[in-house]
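Asks: quick one: sequence and predicted model below, then my questions.
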Amino acid sequence: MSDKTMTADEVVSRLESGMTLGIGGWGSRRKPMALVRALIRSGIGDLTIVSYGGPDVGMLAAAGRIRKLVAGFVTLDSIPLEPHYRAARESGAFELTEVDEGMFLWGLRAAANRLPFLPVRAGIGSDVMRVNPGLRTVTSPYEDGETFVAMPALRLDAALVHVNRADRLGNGQYLGPDPYFDDLFCEAADAAYVSCERIVDTAELTKEAAPQTLLVKRHTVTGVVEAPNGAHFTSCAPDYGRDEGLQKEYASTPWPRFAERFLDGDEQVYQAAVRDWRREQGR
């Protein structure tokens, strides 16, 4: 066992252009935005992004860093379709593999279990098969003879996730109402980097929360980053909700102007820019 703490910039220094990156969270909920912002600052690109997409995908798409996207959706939740993603997609900026949410889950499970694919009913009878002609089906070898989609493994070079608490060894804890699939992203990746609101001693993880909240296991984690407000402007319940005001600002502002104001600097610059914006808005 060792101390796995590092900074967001140290995480990004281990990533390379051309990688396949999985990003945890769901829509505009508990996204590892501090790590995404560091990734945007780095200049790394030509990425294949695997995500239940939110502003992580929108920002990386607007910044021109995505070569291919694998997703079940890309949404800001309260804003149904992520506008910067939409603009990049409509301009043909990257390749898209869009699958059913259940198929996506089974792709992560296959990768986590080091299987080439897993059979799944989701997708049968839908246009998913038509728009993804590379997908194949398999027939059950048993008496039922049922046909399934053979969902290929979503194998990742690296995963980025955000949780409420973690220790220095890499154990990650969620405290909100939904674990999403952050554990599978970590298990499906060759390297996994976990940001958290606060790093605590291992014993404190179960002092006020059940052991079942220990979602991410240390043996799947490469590095841990303490990043207060690291999911902002997405939600990180119960620590904070979604910043709907800044999300609307992001959605309605041309990307170059938003990036210049909020992303032209490190994480401290971002947090200061957010405070300045709130003062201007009288918040």
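Replies: Here it is on my side, so go on. Numbers count the residues shown, from 1 in each chain.
Asks: and the strands in the stretch 1-150 of the chain?
Replies: For the stretch 1-150 of the chain, applying DSSP state E, counting those that start in this stretch gives strands covering 20-23, 47-53, 66-74, 95-98, 117-120, 136-139, 147-152.
Asks: okay, those strands in CSV with mean pLDDT, distance to Ala273 and mean neighbour count next?
Replies: In short, each C-beta sits where N, CA and C put it, glycine included. Below are these laid out as CSV (pLDDT from 0 to 100; distance: least, CB to CB, whole Å; neighbours: other CB atoms under 10 Å):
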stretch, mean pLDDT, distance to Ala273, mean neighbour count
strand 20-23, 98, 22, 26
strand 47-53, 98, 24, 24
strand 66-74, 98, 24, 20
strand 95-98, 96, 31, 16
strand 117-120, 98, 43, 19
strand 136-139, 97, 48, 13
strand 147-152, 98, 41, 20
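Asks: Arg198 is nearest to which of these?
Replies: Of all the strands of the stretch 1-150 of the chain, it is strand 20-23 that lies closest to Arg198, at 21.0 Å by CB to CB.
Asks: neighbouring contacts of that closest one?
Replies: When contacts are defined by CB atoms under 8 Å, 6 or more residues apart in numbering, strand 20-23 is touched by residues 15, 31-32, 36, 47-51, 56-57, 108, 154-161, 185, 188-189.
Asks: could you rerun that using 7 Å?
Replies: With contact meaning CB atoms under 7 Å, 6 or more residues apart in numbering, strand 20-23 is reached by 31-32, 47-51, 56, 156-160, 185, 188-189.
Asks: residue ranges with poor pLDDT in this protein?
Replies: 1 (pLDDT under 70).
Asks: tell me what the longest helix seen in it is packed against?
Replies: Longest helix of the chain, by residue count under DSSP state H: helix 267-281. Contact here means 3 or more CB pairs under 7 Å, 6 or more residues apart in numbering; DSSP states H and E; on that basis helix 267-281 packs against helix 33-42, helix 244-252, helix 255-262.
Asks: list the buried residues of that helix.
Replies: Glu267, Tyr270, Gln271, Ala273, Val274, Trp277 (16 or more other CB atoms under 10 Å).
Asks: go on, stretch 229-239?
Replies: Buried, per 16+ other CB under 10 Å, within stretch 229-239: Asn229, Gly230, Ala231, His232, Phe233, Thr234, Ser235, Cys236, Ala237, Asp239.
Asks: now swap in stretch 216-224 and tell me
Replies: Val216, Arg218, Thr220, Val221, Thr222, Gly223, Val224.
Asks: the residue nearest the centre of the chain - nearest residue in space that isn't next to it in sequence?
Replies: With distances taken as CA atoms, centre = their mean, Ile23 lies nearest the centre of the chain, 2.3 Å away. Among residues not flanking Ile23 along the chain, Ser51 sits closest, at 4.3 Å (CB to CB, 6 or more residues apart in numbering).
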